[in-house]
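K.L.:
just the structure for this:
(one chain, ligands or ions: 1)
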Amino acid sequence: MLIRTPRDWELPESACTPERDYHLRPRRDFLRTLGGAVAGGLAAPSLLSGATAGFPSRVNPDHRDPALQPTPYELITSYCNFYEFGTGKGDPKVNANRGWKTEPWTVEISGLIRNPLKLDANDLVTRMGGAEQRVYRFRCVEAWSMVIPWDGFPLAKLIALADPLPEAKFVTFTTFNDPKSAPGQRTSALDWPYFEGLRLDEANHPLAFIATGIYGRAIPNQNGAPLRLVVPWKYGFKYGKSIVKIDFVAKQPRNTWQVMTPHEYGFYANVNPKVDHPRWSQASERVIGAGGALGQRQRTLMFNGYEAQVAPLYAGLDLRRNY
Ligand code: MTE
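P.N.:
Numbers count the residues shown, from 1 in each chain. Purely as a prediction, here's the structure:
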């Protein structure tokens with residue numbers, strides 16, 4: 001008999017992907033899944049999606065908590081923030097699919113490490129041993145939320161591959177810069193390219209993840225193909241999309257939103273219902289897709305519900321000052 005003990009951060013079965021979504025998966029993605037789970041050595045055309053086998057797919061209607069239902073694929077992929085492709089929520093789905101090529105894609109791993117690398121995103125996924133699935137809460141600083149079944153690999157695996165030197169204290173994520181393909185980058189909406197950073201110990205936390213898929217399908221362009229950061233206890237703006245460079249540095253970097261409006265956005269961006277945004281409350285959030293067009297409101301949880309796992313990272317840190 002196979003008994004699997006869930007890890008303490010795993011969302012309950014009610015939050016798992018409905019089986020029908022897996023039955024709807026295109027064949028191409030099943031092949032990728034197999035490639036990711038089995039091979040490593042196979043020259044599969046793409047491994048940028050794919051869940052590991054054995055992910056629970058049964059939904060028990062008695063346990064359904066509307067706030068923890070996975071957000072439908074259609075909403076995750078059409079209600080987006082990706083300023084390179086426009087500032088409207090629906091813009092990225094249209095503008096990121098007008099000929100912008102995300103395969104092949106080269107990513108550079110550099111800085112204070114013993115093993116600098118420049119490699120294709122597919123090769124990186126192969127070196128990470130394929131993709132696994134994580135169902136995580138997602139909380140945007142704009143006070144809306146989703147529940148997203150990501151595919152990808154733990155960031156800690158990539159850090160182990162890079163093999164940081166003792167002087168490395170932070171990891172930075174530079175995202176793509178291609179004004180020809182990205183109309184937003186032809187404007188001064190943000191300081192391009194979009195840039196993010198984490199402390200090395202945050203980046204090494206088992207919850208920190210690099211996503212390559214959603215619902216077992218390759219991650220769509222508008223959600224940050226082919227590689228995007230996922231840090232579920234932080235606000236969504238930390239999740240840099242379409243990463244081209246991961247750099248290990250000694251000093252705390254500034255991130256894009258901190259550069260744009262430092263009195264509103266800081267380096268940490270930990271979800272914290274007790275610290276309001278200067279222009280709105282962070283005590284609650286709209287759950288996109290639940291209870292009507294505007295989304296049902298629910299209370300926001302400290303560290304987005306991952307307090308037991310991540311609070312020790314911030315022991316002794318004033319979370320009001322380090323917002
Ligand atoms: N990454 C890049 N490169 N450009 C962006 O504009 N927006 C951020 C983050 N990553 C952004 C980005 C913000 S504000 C949020 S809330 C999330 O992506 C949104 O991710 P989603 O569109 O997949 O929901």
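
K.L.:
wait, what's in contact with Asp8?
P.N.:
Asp8 sits next to Ala308, Gln309 when contact means CB atoms under 8 Å, 6 or more residues apart in numbering. (Each C-beta comes from the backbone N, C-alpha and C, glycine too.)

K.L.:
mind checking the SS state of it?
P.N.:
Here Asp8 is coil, with the state taken from DSSP: H, G, I helix; E, B strand; the rest coil.

K.L.:
for Tyr194, see how far away it is.
P.N.:
Per CB to CB, to the nearest Å, Asp8 is found 32 Å from Tyr194.

K.L.:
same check, this time on Gln222
P.N.:
As defined by CB to CB, Gln222 lies at a distance of 14 Å from Tyr194.

K.L.:
quick one: list the elements packing against the longest strand along the chain.
P.N.:
In terms of residue count, the longest strand belonging to the chain (DSSP state E) is strand 144-154. On a contact count with 3 or more CB pairs under 8 Å, 6 or more residues apart in numbering; DSSP states H and E, strand 144-154 meets helix 73-76, strand 132-139, strand 209-214, strand 284-287.

K.L.:
near the ligand, which residues of the protein are found?
P.N.:
Residues of the chain lying close to the ligand by CB under 6 Å from any ligand atom are 80-84, 140, 175, 194, 223, 236-237, 239-242.

K.L.:
let's go with 5 Å and repeat that
P.N.:
By CB under 5 Å from any ligand atom, the residues of the chain that approach the ligand are 80-83, 140, 175, 194, 223, 236-237, 239-241.

K.L.:
now, which of those residues lie within strands?
P.N.:
Among those, the members found in strands (DSSP E) are Thr175.

K.L.:
could I get the residues of the chain next to the ligand as CSV with pLDDT, neighbour count and distance to Gln282?
P.N.:
Putting those into CSV (pLDDT from 0 to 100; neighbours: other CB atoms under 10 Å; distance: CB to CB, whole Å) gives the following:
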residue, pLDDT, neighbour count, distance to Gln282
Cys80, 98, 22, 21
Asn81, 98, 19, 17
Phe82, 98, 24, 22
Tyr83, 98, 18, 21
Cys140, 98, 18, 11
Thr175, 98, 22, 25
Tyr194, 98, 25, 22
Asn223, 98, 24, 23
Gly236, 98, 20, 13
Phe237, 98, 18, 13
Tyr239, 98, 22, 17
Gly240, 98, 27, 21
Lys241, 98, 27, 23
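
K.L.:
show me where this structure dips below the pLDDT cut-off.
P.N.:
1-6, 11-68, 292-293 (pLDDT under 70).

K.L.:
let's see 90
P.N.:
1-69, 289-296 (pLDDT under 90).

K.L.:
show me the strands in it, by range?
P.N.:
106-111, 117-120, 132-139, 144-154, 170-175, 195-199, 209-214, 217-218, 228-230, 243-249, 284-287, 296-299.

K.L.:
buried deepest among those strands, which one?
P.N.:
The highest mean neighbour count among these, using mean count of other CB atoms under 10 Å, belongs to strand 209-214: a mean of 26.

K.L.:
separation between Val249 and the ligand?
P.N.:
Distance from Val249 to the ligand, counting by CB to the nearest ligand atom, to the nearest Å: 19 Å.
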